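# Model the structure of this input:
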Amino acid sequence: MSNRAPTNGTRFTRAQIAAEIARLAGEISRDHEDGVVLVGVLKGALPFLADLMRALTVVPEIDFLSISPYRAGSGRVRLMMDLRTDINSRAVVLVDDVVDTGLTLAFLLSELATRGPASLDVCTLFDKVSRRLAPVPLRYRGFPVADQYLIGFGLDHEGRYRDTHDVVAVDRERLVKDPDSAVSLLYPDARAQIGREG
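Got it, this is the predicted structure:
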């Protein structure tokens with residue numbers, strides 16, 4: 001488990017993220033010398049999964065699934081896209097960008113467990129442990145984070161900011177009012193352009 005945090009409390013840099021992914025990949029490789037199926041939760045986990053699989057020292061099999069967003073009050077989510085891989089008797093690691101309440105993750109673990117994997121573990125880059133409502137086991141845990149609104153490196157706001165290398169904590173209300181308010185935080189070229197225009 002990592003105790004590292006962003007240097008200023010609000011930003012995780014590309015170098016910090018890469019170092020954390022290398023550590024997680026090392027743990028997964030050590031535990032699964034005979035191979036592993038990495039299951040990414042779309043869309044947020046895509047950048048994390050891509051870097052994670054490249055950092056492994058074992059050859060993984062990759063698959064994806066997608067679920068509807070968890071809606072407060074409804075108490076349920078549903079599978080939108082299922083695996084194509086048969087995970088029966090296979091070692092499986094479910095890869096997600098962030099674990100929040102744990103409700104969605106609990107649903108996925110329950111669903112995948114019915115398919116008879118030899119093992120089923122979770123790897124997450126960010127863990128908002130203070131938000132947890134459902135107890136879920138996190139074998140491979142990256143950065144523990146406070147209850148902050150994070151964007152970047154797969155974590156989006158209305159479909160934006162997934163493509164950045166860094167992750168920053170932002171004021172969600174401000175972002176709702178002005179979706180461009182985080183551009184200068186996450187896109188260096190845009191910051192330089194804004195400086196020239198100012």
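
# CA only for contacts and neighbour counts going forward, please
Noted.

# Report whether the expected contact of Leu133 with Thr104 is present.
No - the pair Leu133 and Thr104 does not pass the contact test of CA atoms under 8 Å, sitting 10.4 Å apart.

# between those two, which one's more packed in?
Thr104 (20 against 11; other CA atoms under 10 Å).

# Strands along the chain, start to end?
11-12, 36-42, 60-67, 79-81, 91-99, 119-127, 140-144, 149-151, 167-170 (DSSP state E).

# could I have the last one exported to PDB, CA atoms only?
Going back to what we said before, that points to strand 167-170. The C-alpha coordinates for strand 167-170 follow below in PDB (Å, rounded to 0.1, in the frame of the first residue of the first chain):
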ATOM      1  CA  VAL A 167      -4.300  14.300 -12.200                       C
ATOM      2  CA  VAL A 168      -5.500  17.400 -10.300                       C
ATOM      3  CA  ALA A 169      -8.100  18.000  -7.600                       C
ATOM      4  CA  VAL A 170     -10.500  20.800  -8.700                       C
END
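
# Going by neighbour count, which residues in it are buried?
167-170 (16 or more other CA atoms under 10 Å).

# just how off-centre is that strand within its chain?
Offset of strand 167-170 from its chain centre (CA atoms, centre = their mean, to the nearest Å): 14 Å.

# can you check the fifth one too?
Shown here is strand 91-99, whose average C-alpha point lies 8 Å from the average C-alpha point of the whole chain (CA atoms, centre = their mean).

# In the chain, what helix or strand scores lowest on average pLDDT?
Every helix and strand in the chain was compared by mean pLDDT, DSSP states H and E; the lowest is helix 188-197, with a mean of 52.

# Identify the single longest helix in the protein, thanks.
helix 14-31 (DSSP state H).

# Just want the angle from that one to strand 36-42.
With axes from the mean of the first three to the mean of the last three CA atoms, to 10 degrees defining the directions, helix 14-31 sits at 140 degrees from strand 36-42.

# outside of stretch 87-101, which residues touch it?
The contact list for stretch 87-101 (CA atoms under 8 Å, 6 or more residues apart in numbering) reads 32, 35-41, 44-45, 48-49, 105, 115-129, 131-134, 154-155.

# try 7 Å this time
Residues outside stretch 87-101 that contact it (CA atoms under 7 Å, 6 or more residues apart in numbering) are 36-41, 44-45, 48-49, 115-129, 131-134.

# Hmm, Thr13 is touching Thr164, no?
No - at 10.1 Å, Thr13 does not count as touching Thr164 under the criterion of CA atoms under 7 Å.
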